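Asker: A structural model of the following input is requested.
(chains A and B)
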Amino acid sequence: MNADALFLMIASELIITAITIYFFARVLSAPKKKEPDSYTDN
Amino acid sequence: MSNKENWGSRVGLVLAMAGNAVGLGNFLRFPVQAIQNGGGAFIIPYLVCFLVMGIPLLFIEWSMGRFGGKHGHHSTPFILDSMDPKRVFWKYIGVFGIFTNLAVAAYYCYLESWTLAYIWHSVSGTFLGQSADQIASFFGHYISLYGGGTETILVWIFCLVLNTWILSKGLSGGVEKVAKIGMPLLILFGILLAIKGITLKAGEEGAIHDGTHGLNFLWTPNYDSIWSAKVWLAAAGQIFFTLSVGMGSIQCYASYVKSKDDIALNAMSAGWMNEFVEVVLGSSILIPIAIGYLGIDRVVELTASGGLGLGFKTLPYLFQQWGPTLAALAGVFWFGLLFFAGITSSLAMGTPCMGFLMDEFGWKRERAAWAFGGTILLLGLPTVLFFNEGVFDEYDYWAGTVSLVVFALAEVILFAWVFGMDKGWKEITTGADIRVPVFFRYVTQFVTPVILGWVFFASLPDIWSKITNAELKAKIAASVDPAEIAKLNDQMAYLNGSRVFLLALFIGICMLVYKAYTKRKKEGRATV
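Answerer: A predicted model of the protein is given here:
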């Protein structure tokens, strides 16, 4: 792969993957709200 | 009120919302758009459009949904109505949020059924020992209902029944369970295929290029393309389709979130998950594998009319080069991935219609689900029977393209300028588990409407050309063969017929909304 393509691909994919993991981790670790909340399982 | 739906868990909601956004286009449309619009440089306008149009629209639709849900509305006609109760017309603009879902589900479920059939044929070894042409013509025969089309129609009906049955189990009992199974499997299948695609070696298993050759072609930037309006329009269009904004399904899902609960973090998480699937996985499967076996020129030629042909006609043949076991596994992974991408979206398309029937007419969930299934059966029949006449593409154009832009433009104006950005910003940030940058407030108010307006006005010449059948008429004028002219005239009749059909659907939903409105007036629940 040429350097330009490699740089763009790695930069884009790393940034997107990192942001995706960050927000999903925030969802998983967010404190539960007081009942009654929107979710029946907790 | 008979609508007592609830989400089971927050993760389930985020996965269902991400599943709504992730569709077949993530794998078949995005990479093709990228290679047609500047290669790697396409990512720049694409991400800018995601930032200034995609994320604001996600915030708007989640907020509108939660706001409507607070007032007991779970579909866009009365969600929009509750945001500007003084004007009667918003509820009819909101009809787009039911119409689009019904019309798109009508052809989308058919597409979904192809993936199920191809999983079966991959496992049962139908493609073993077949030539590239034989496998490509298998697809042609399948959609042309060759030999009576029993299999095509039965698999399609099975797919409709499956969707309806899952919807009849409700949000937490059906939709959420599918999302919790489907999304992780989709990502797993995607990662496995991406690894195989990227590690292809020239000279091994019949490949003529390394997998990285395709990645190189896809990601090599043509920076001049960034100055092209056409590329920006393509990027904005791709963001639209990929996020499922402008459809009304996000509002419906979000309407079951209580007013004190977060929507900002949920919206960001679901939106970025879709981007991960599209950019990271979507760019690493179709193009690297196809170029590895066919070379750049052939793939450019094959993708001129989109990625559907490459995904269904070419990939099953290329998988055969990996030996019978791997070919069967790759077929299950590829079409399984497309199936999960499809079903998580089509389920989302069922919920607005069901929410409307349950809210306004007191229908039970099961009855509403089967009404949706029956409607999709009727609406989808022309796309199955007259696929080759262009009815499928016609539905996709009017419901899956034009309606999205019109509705999104209307809702952004309503949210930012009629409902008002002060109230709107409060809706976005209430209960938020993240600090939403104030940048989005001004982008939502000023930039997003301008971009949407530009996308809409730039599409007008194409819309006019479609309405007047300009392309078909030009073909008829250029043809000298009477049989060809008769065929084109037939095709024009089918296309006009499908437009009348879609228009009748829209008017029918308007009448139902009017009936619901008069019912509300009688019950003293109407806003004006």
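Asker: quick one: the residue minimising distance to the centre of chain A and residue B:261, what's the gap?
Answerer: In chain A, the residue lying closest to the centroid (CA atoms, centre = their mean) is residue A:20, at 2.1 Å. Plainly put, residue A:20 is 22 Å away from residue B:261 if you go by CB to CB, to the nearest Å. C-betas here are computed from N, CA, C, even on glycine.
Asker: and for residue B:432?
Answerer: Residue B:432 sits 10 Å away from residue B:261, going by CB to CB.
Asker: which strands or helices does the one helix or strand residue B:499 maps to pack on?
Answerer: Residue B:499 is part of helix B:482-522, with elements assigned from DSSP states H and E. Here helix B:482-522 touches helix B:76-83, helix B:90-93, helix B:96-124, helix B:324-361, helix B:365-385, helix B:391-397, helix B:470-478, going by 3 or more CB pairs under 8 Å, 6 or more residues apart in numbering or on different chains; DSSP states H and E.
Asker: most packed of those?
Answerer: Scoring these by mean neighbour count under mean count of other CB atoms under 10 Å in any protein chain shown gives helix B:76-83 as the most buried, with a mean of 29.
Asker: now it and helix B:482-522, what's the angle there?
Answerer: Relative orientation of helix B:76-83 versus helix B:482-522 (axes from the mean of the first three to the mean of the last three CA atoms, to 10 degrees): 50 degrees.
Asker: any chance of CSV for the helices and strands packed on helix B:482-522, columns distance to chain A?
Answerer: Compiled in CSV, those are given as follows (distance: least, CB to the nearest CB, whole Å):
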stretch, distance to chain A
helix B:76-83, 17
helix B:90-93, 25
helix B:96-124, 21
helix B:324-361, 15
helix B:365-385, 15
helix B:391-397, 27
helix B:470-478, 35
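Asker: could these go into TSV alongside mean pLDDT?
Answerer: Output for the helices and strands packed on helix B:482-522, formatted as TSV (pLDDT from 0 to 100):
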stretch	mean pLDDT
helix B:76-83	96
helix B:90-93	97
helix B:96-124	97
helix B:324-361	97
helix B:365-385	97
helix B:391-397	94
helix B:470-478	95
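Asker: tell me which of the ones you listed lies nearest to residue B:314.
Answerer: helix B:324-361 (11.3 Å; CB to CB).
Asker: chain center to that closest one, what's the gap?
Answerer: Helix B:324-361 sits 11 Å away from the centroid of its parent chain (CA atoms, centre = their mean, to the nearest Å).
Asker: same check on stretch B:413-421?
Answerer: 26 Å.
Asker: number of nearby residues for residue 22?
Answerer: Since no chain was named, I'll use chain A. Residues within reach of residue A:22, counting by other CB atoms under 10 Å in any protein chain shown, total 12.
Asker: not quite, go with chain B.
Answerer: By other CB under 10 Å, 35 other residues sit near residue B:22.
Asker: circling back to that earlier point, more neighbours, residue B:432 and residue B:261?
Answerer: residue B:261 (20 against 17).
Asker: that one belongs to a helix, doesn't it?
Answerer: No: per DSSP: H, G, I helix; E, B strand; the rest coil, residue B:261 lies outside any helix segment and is coil.
Asker: hang on, the earlier thing: what helices or strands is the helix or strand where the residue nearest to the centre of chain A lies leaning on?
Answerer: Secondary structure from DSSP H and E places residue A:20 in helix A:3-29. If contacts are counted by 3+ CB pairs under 8 Å, 6+ apart, helix A:3-29 sits against helix B:10-21, helix B:43-49, helix B:211-219, helix B:264-275.
Asker: make JSON lines out of these and add distance to chain A and mean neighbour count.
Answerer: JSON lines is the format used below for these (distance: least, CB to the nearest CB, whole Å; neighbours: other CB atoms under 10 Å in any protein chain shown):
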{"stretch": "helix B:10-21", "distance to chain A": "6", "mean neighbour count": "26"}
{"stretch": "helix B:43-49", "distance to chain A": "5", "mean neighbour count": "21"}
{"stretch": "helix B:211-219", "distance to chain A": "4", "mean neighbour count": "24"}
{"stretch": "helix B:264-275", "distance to chain A": "4", "mean neighbour count": "26"}
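Asker: okay if I get the ones you listed as CSV plus mean pLDDT?
Answerer: Formatted as CSV, the helices and strands packed on helix A:3-29 follow (pLDDT from 0 to 100):
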stretch, mean pLDDT
helix B:10-21, 97
helix B:43-49, 95
helix B:211-219, 94
helix B:264-275, 98
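Asker: would a markdown table of the ones you listed with distance to residue B:146 be doable?
Answerer: Compiled in a markdown table, the helices and strands packed on helix A:3-29 are given as follows (distance: least, CB to CB, whole Å):
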| stretch | distance to residue B:146 |
| --- | --- |
| helix B:10-21 | 33 |
| helix B:43-49 | 39 |
| helix B:211-219 | 32 |
| helix B:264-275 | 36 |
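Asker: residue B:495 and residue B:394 touch, don't they?
Answerer: Yes: if you go by CB atoms under 8 Å, residue B:495 and residue B:394 touch, sitting 5.2 Å apart.
Asker: quick check, residue B:458 in a helix?
Answerer: Yes: according to three-state DSSP, residue B:458 belongs to a helix.
Asker: which SSE is the closest residue to it other than its chain neighbours in?
Answerer: Distances taken as CB to CB, 6 or more residues apart in numbering or on different chains put residue B:233 closest to residue B:458, at 5.6 Å, once the chain neighbours are dropped. Assessed by DSSP H and E, residue B:233 sits inside helix B:229-243.
Asker: who in the stretch 51-200 of chain B is up against chain A?
Answerer: Remark: the part of the stretch 51-200 of chain B in contact with chain A comprises residue B:172, using CB under 8 Å from any CB of the partner chain.
Asker: which single residue of the stretch 51-200 of chain B ends up nearest chain A?
Answerer: Here the stretch 51-200 of chain B gets closest to chain A at one residue, residue B:172, 6.0 Å apart by CB to the nearest CB.
Asker: if I pick that residue, what's in contact with it?
Answerer: With contact taken as CB atoms under 8 Å, 6 or more residues apart in numbering or on different chains, residue B:172 is in contact with A:40-41, B:5-9, B:12.
Asker: could you list which of those belong to helices?
Answerer: residue B:12 (DSSP state H).
Asker: quick one: which of the contacts of residue B:172 has the most company?
Answerer: residue B:7 (27 neighbours).
Asker: list the contacts for the residue nearest to that one when sequence neighbours are not counted?
Answerer: The shortest distance from residue B:7 to any residue other than its chain neighbours is 4.5 Å, reached at residue B:13 (CB to CB, 6+ apart). Contacts for residue B:13 (CB under 8 Å, 6+ apart) come out as A:38-39, B:7, B:176, B:253, B:257, B:266.
Asker: mind putting these into CSV with distance to residue B:457?
Answerer: Output for those, formatted as CSV (distance: CB to CB, whole Å):
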residue, distance to residue B:457
A:38, 39
A:39, 42
B:7, 38
B:176, 39
B:253, 30
B:257, 34
B:266, 32
